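> take a look and give me a structure for this.
(one chain, ligands or ions: 1)
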Amino acid sequence: RSLGLITTDLALHAPSQIVSAVKSRAAEQGASVLISMVEQPLQCQTALQALLAQRVDALLVNVPLDDPHAEELGALASPVPVLFLDVAPSARVNSLVFNAEQGARLGVEHLLSLEHRNIALLSGPESSVSARARLAGWKATLAQAGLNATAVAYGDWSAASGYEKGHVLLSGAALPDAILVANDQMALGVMRACAEKGIAIPGQLSVVGFDDTADSAWFSPPLTTIRQAFREAGERSVEWLLASSGGEACRQVQLPVTLVTRHSSA
Ligand code: IPT
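Here you go, the predicted structure:
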């Protein structure tokens, strides 16, 4: 059996950890994985057609896609089953996605419990469904606490953008008490910006990331973050695809995320 995997930039930690899990579980099951990396969502259609031409039995797509785009790809592949990893729950396709809003809520509630009130967000790109859902969760949780969600900047998931936007968020007249950063790589850049500005983490600023990729426990200080169990997601995707024969009703699974408390928040 062979699986086709269409993925976003593998230089990013989260997608590469998902691919690693997919590859090893597929190998255990005697299945091969053909990987196609796209730089933009628009390239998905070409990638999908190329994989279908190589007669893959099922497809996994880890690219942030808006509902109509995902639905179109699902229809194009039919009857070959496709599972999407980065779509909104509203998309009428098979999906296995982490609960992004819940993740942002857990992060903000943790910061509120530490008595922080001025909680900024360093968001992922506006083009990403998951980044938008994390932003919505941050905003909603602050609103429920009667607080304003004003300080927001947008990065591109890279540490470099975290560094640059971290400088922007920290150069206003009043320093936020805390920053929820939409992924751990950007949090690494924020920490570097803080070090340059002489801002103590967690003394003057608490930082909470998102992902809990393998390096995050080794940041200095070790990063408090929202854990997405990428290995489990990759393994479950393979199980699902190998068991699916196509033509079944849509199956949508939402995976919970958890708060991992380390030393960057106090
Ligand atoms: C999401 C990661 O949280 C983020 O760090 C970045 O790598 C992004 O992917 C790339 O698209 S995880 C995704 C399954 C929502």
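
> pLDDT on stretch 226-243, on average?
Per-region confidence: stretch 226-243 scores 97 on mean pLDDT.

> pull out the buried positions in that stretch.
Burial within stretch 226-243, assessed by neighbour count using 16 or more other CB atoms under 10 Å, is assigned to 226-230, 233-238, 240-242. Any C-beta I mention is one placed from the backbone N, CA and C, and that applies to glycine too.

> dump it to CSV, keeping only the CA atoms.
Presented in CSV, the C-alpha positions along stretch 226-243 are these (Å, rounded to 0.1, in the frame of the first residue of the first chain):
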residue,chain,number,x,y,z
ILE,A,226,0.3,24.3,24.6
ARG,A,227,1.1,20.7,23.6
GLN,A,228,-0.1,19.3,20.4
ALA,A,229,0.7,15.6,20.3
PHE,A,230,2.1,15.5,16.8
ARG,A,231,3.3,11.9,16.9
GLU,A,232,-0.1,10.7,18.0
ALA,A,233,-1.8,12.7,15.2
GLY,A,234,0.6,11.3,12.6
GLU,A,235,0.1,7.7,13.8
ARG,A,236,-3.7,8.0,14.0
SER,A,237,-3.7,9.5,10.5
VAL,A,238,-1.9,6.5,9.1
GLU,A,239,-4.2,4.0,10.9
TRP,A,240,-7.2,5.8,9.6
LEU,A,241,-6.0,6.0,6.0
LEU,A,242,-5.0,2.4,5.9
ALA,A,243,-8.3,1.3,7.2
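
> picking that back up, among the buried residues of stretch 226-243, which one sits closest to Val152?
Nearest to Val152 out of the buried residues of stretch 226-243 is Ile226 (CB to CB; 17.3 Å).

> excluding chain neighbours, what is closest to the closest one?
Gly103 (4.2 Å; CB to CB, 6 or more residues apart in numbering).

> that neighbour belongs to a strand?
No - with DSSP: H, G, I helix; E, B strand; the rest coil as the criterion, Gly103 is assigned helix and is not in a strand.

> that one is in contact with Gln254, isn't it?
No - counting by CB atoms under 8 Å, Gln254 is not a contact partner of Gly103; they are 11.3 Å apart.

> now for these two: what residues contact both?
Shared contacts of Gly103 and Gln254, defined by CB atoms under 8 Å, 6 or more residues apart in numbering, are absent.

> those two: who's more crowded?
Gly103 (27 against 13; other CB atoms under 10 Å).

> what's the helix or strand for Gly107?
Using DSSP states H and E, Gly107 falls within helix 100-113.

> same question for that helix: list its buried residues.
Across helix 100-113, burial judged by 16+ other CB under 10 Å covers Ala100, Glu101, Gln102, Gly103, Ala104, Arg105, Leu106, Gly107, Val108, His110, Leu111, Leu112.

> correct me if wrong: Leu76 contacts Ala47.
No - Leu76 is not in contact with Ala47 according to CB under 8 Å; the separation is 11.2 Å.

> now Phe230: closest residue in space that isn't a chain neighbour?
Per CB to CB, 6+ apart, closest to Phe230 is Gln17, 4.3 Å.

> against Ala27, how distant is that neighbour?
Shown here: Gln17 relative to Ala27, a distance of 16 Å by CB to CB, to the nearest Å.

> who's more crowded, these two?
Gln17 (21 against 12).

> separation between that one and the ligand?
The spacing between Gln17 and the ligand, counted by CB to the nearest ligand atom, to the nearest Å, is 9 Å.

> so the spatially most distant residue from the centre of the chain, which of the three states?
Outermost residue of the chain with respect to the C-alpha centroid, by CA atoms, centre = their mean, is Ala173; its distance is 30.9 Å. At Ala173 the chain is in coil, as set by three-state DSSP.

> for the chain, which segments count as helices?
13-28, 44-53, 67-77, 100-113, 129-144, 159-169, 184-197, 230-243 (DSSP state H).

> which parts of the stretch 51-200 of the chain sit against the ligand?
Asn62, Pro64, Leu85, Asp86, Ser128, Ser130, Trp157, Asn183 (CB under 6 Å from any ligand atom).

> ranking by neighbours, what's the top pick from those residues?
Ranked by neighbour count (other CB under 10 Å), those have Asn183 at the top, with 30 neighbours.
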